[in-house]
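S.K.: I would like to see how this sequence folds:
(one chain, ligands or ions: 1)
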Amino acid sequence: MAKIPVSFADLTGNEEKYVAEAVRSSWISSTGPYVQRFEREFAEMCGTRAAVGVCNGTVALHLALLAMDVRPGDEVLVPSLTYVATANACRYVGAEPVFVDVDPETWCIDPHRIEDSVTRRTRGVIPVDLYGHPADMDAINQFAAVHGLWVVEDAAEAHLAQYRGQPVGGLADMTTFSFYGNKIFTCGEGGAITLSAPQLELRTRTLRGQGVDPSRRYFFPVTGYNFRLSNLACALLCAQFERREGLLTARRRVFSRYRERLTGIEGIGFQPVAPWAEPAPWMFCITVHEAAYGRSRDELAEILASEEIETRPFFVPLHRLPMFREESQRRGEQLPVTERLASSGLNLPTYSQLSDEDLDRVCEVIRTHRR
Ligand SMILES: Cc1ncc(COP(=O)(O)O)c(C=O)c1O
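M.R.: Purely as a prediction, here's the structure:
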């Protein structure tokens, strides 16, 4: 019985050819034609004036907060149900992540709950497009405008998701992406920031490239970073973008077949889709309601693992992690929706080359082990 991984990068187009071309040309660092092509094409796809490539999605968040001039003592509103990088980035710049519960209808930060967490020190909000579903950006932007806050959208998992007919990427002051190996578009390790404000772009590019003054060689007026993305990585991304329709269609097929095959199994729930959202088909999610299914999420994951089927539990809520727990308790944060989802959610194998037979086998194991 062949193992079914939870994700698998599809590199079957021009990926190898373009990387070989980059190697032959000797453009292997962060200058070269693929870097420019990647940034141009990704900005176009996101409907923004610019895209700035960086070395991963965590760095994209860090750089966005640096560009927003976030300082020690500032507070940033974030969901607790997200990957740890969202909150770590706040700590990198000395700010404190303040955790807000998620909306049961989107699994993203709840716009009705953010107001309660605002203090004099709040500077911004980082909505996360969890598991490919966009956050309710109109409500969040409106809230931010009223309170004079910036918005950095963490769309690491939501490549080409749409919000009210608009692609994710141009809906916030800055939007960050990851191109890690399990993402819809990947270069192994990579990331980007999309944005449209010219001054902010200049600041972002300067900080990304060691803070160098473009008109004076080896003159560095500010403390910058080396957060650049290589031409080799961009070669992979350019090849991935050529096949974007095919990659998305193949993943959408996986999503709809899972829904069809798992519908009607008592105790198994699906990720909700808001009427205004077209989520990115990143990782298919189920929730396991222990009382109705007869087993816990962890029991089901173990059974699937014993059948050589890899899965991922949902993220451990960040307010439960040792480095954030105490501050969260001091603030008295109550996040019941986050807790419920985190203990019941499971990601199933999702990738463009997942065969119908393998997908059906996953569903069969889930169906037959209900008690
Ligand atoms: C929501 C979210 N934000 C940020 C990141 C960090 O991206 P990277 O792994 O490329 O650093 C990830 C994970 O990959 C993520 O899922």
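S.K.: What lies in contact with stretch 21-30?
M.R.: Residues outside stretch 21-30 that contact it (Cβ atoms under 8 Å, 6 or more residues apart in numbering) are 32-34, 228-232, 235. In this view, the C-beta of every residue, glycine as well, is placed from N, C-alpha and C.
S.K.: Please repeat the previous calculation with a cut-off of 6 Å.
M.R.: Here stretch 21-30 makes contact (Cβ atoms under 6 Å, 6 or more residues apart in numbering) with 228, 230-232, 235.
S.K.: State the mean pLDDT of that stretch.
M.R.: For stretch 21-30, mean pLDDT rounds to 97.
S.K.: what about stretch 169-179, start to end distance?
M.R.: 14 Å (Cα to Cα, to the nearest Å).
S.K.: average pLDDT across that stretch?
M.R.: Stretch 169-179 comes out at a mean pLDDT of 98.
S.K.: Ok, stretch 42-60 next?
M.R.: Mean pLDDT, stretch 42-60: 98.
S.K.: What of stretch 339-349?
M.R.: Here the average pLDDT along stretch 339-349 is 98.
S.K.: Return the set of buried residues in it.
M.R.: 339, 341-349 (16 or more other Cβ atoms under 10 Å).
S.K.: can you narrow those residues to ones near the ligand?
M.R.: Restricting the buried residues of stretch 339-349 to those touching the ligand (Cβ under 6 Å from any ligand atom) yields no residues.
S.K.: Output the contacts of stretch 21-30 in a markdown table, with distance to Phe315 appended to each entry.
M.R.: As requested, these are exported to a markdown table (distance: Cβ to Cβ, whole Å):
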| residue | distance to Phe315 |
| --- | --- |
| Arg228 | 28 |
| Ser230 | 29 |
| Asn231 | 33 |
| Leu232 | 30 |
| Ala235 | 31 |
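S.K.: any idea which of the buried residues of stretch 339-349 is closest to Val78?
M.R.: The closest of the buried residues of stretch 339-349 to Val78 turns out to be Ala342 (Cβ to Cβ; 14.8 Å).
S.K.: Please enumerate residues in contact with the helix or strand hosting that closest one?
M.R.: Ala342 belongs to helix 336-344 when assigned by DSSP states H and E. Contact with helix 336-344 is made by 80-81, 101-102, 104, 287-288, 297, 314, 317, as judged by Cβ under 6 Å, 6+ apart.
S.K.: Most neighbours among those, which one is it?
M.R.: Most neighbours among these, by other Cβ atoms under 10 Å: Leu81, with 30 neighbours.
S.K.: out of everything not next to it in sequence, what's closest to Gln210?
M.R.: Gly224 (4.2 Å; Cβ to Cβ, 6 or more residues apart in numbering).
S.K.: Next, the contact list for the one you found, please.
M.R.: 207, 210-211.
S.K.: Tell me the buried residues in stretch 48-55?
M.R.: Residues 48, 50-55 are the ones in stretch 48-55 that count as buried (16+ other Cβ under 10 Å).
S.K.: The helix or strand hosting Val98 pairs with which strands, and in what direction?
M.R.: Taking DSSP H and E as the definition, Val98 sits inside strand 96-100. Its sheet considered, strand 96-100 pairs with strand 75-79 (parallel) by DSSP bridges.
S.K.: Now do the strand it pairs with against helix 336-344, angle only.
M.R.: For strand 75-79 against helix 336-344, the angle by axes from the mean of the first three to the mean of the last three Cα atoms, to 10 degrees is 50 degrees.
S.K.: Which residues are in contact with the residue nearest in space to the middle of the chain?
M.R.: Nearest to the geometric centre of the chain sits Ala156, at 2.3 Å (Cα atoms, centre = their mean). For Ala156, the contacting residues are 57, 177-178, by Cβ under 6 Å, 6+ apart.
S.K.: Could you identify which of those has the most neighbours?
M.R.: Phe177 (31 neighbours).
S.K.: Looks to me like it is in a strand.
M.R.: Yes: with DSSP: H, G, I helix; E, B strand; the rest coil as the criterion, Phe177 is located in a strand.
S.K.: does the closest residue in space to it that isn't next to it in sequence sit in a helix, a strand or a coil?
M.R.: What sits nearest to Phe177 in space, not counting adjacent residues and going by Cβ to Cβ, 6+ apart, is Ala192, at 4.7 Å. Following three-state DSSP, the label given to Ala192 is strand.
S.K.: Report whether the expected contact of Ala192 with Gly53 is present.
M.R.: Yes: using Cβ atoms under 6 Å, Ala192 is in contact with Gly53, at 5.3 Å.
S.K.: For whichever residue of the stretch 51-200 of the chain sits closest to the ligand, which non-adjacent residue is spatially closest?
M.R.: Scanning the stretch 51-200 of the chain for the residue nearest the ligand gives Gly57, at 2.4 Å (criterion: Cβ to the nearest ligand atom). Computed as Cβ to Cβ, 6+ apart, the closest residue to Gly57 that is not its neighbour in sequence is Ser178, at 2.6 Å.
S.K.: next one: Arg164
M.R.: Nearest to Arg164 is Trp276, by Cβ to Cβ, 6+ apart, at 4.8 Å.
S.K.: what does Arg228 give?
M.R.: Ser30 (3.6 Å).
S.K.: how many neighbours does that neighbour have?
M.R.: 20.
S.K.: Also Val84?
M.R.: 14.
S.K.: related to what we said a few turns ago, doesn't the residue nearest to Gln210 belong to a helix?
M.R.: No: assessed with three-state DSSP, Gly224 is coil; it does not lie in a helix.
S.K.: tell me which parts of the chain are close to the ligand?
M.R.: Residues of the chain lying near the ligand (Cβ under 6 Å from any ligand atom): 56-58, 82-83, 85-86, 128, 154, 156-157, 178, 180, 191.
S.K.: want to try TSV for those, with secondary structure as columns?
M.R.: Output for the residues of the chain next to the ligand, formatted as TSV (three-state DSSP):
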residue	secondary structure
Asn56	coil
Gly57	helix
Thr58	helix
Thr82	coil
Tyr83	coil
Ala85	helix
Thr86	helix
Val128	strand
Asp154	strand
Ala156	coil
Glu157	coil
Ser178	strand
Tyr180	strand
Gly191	strand
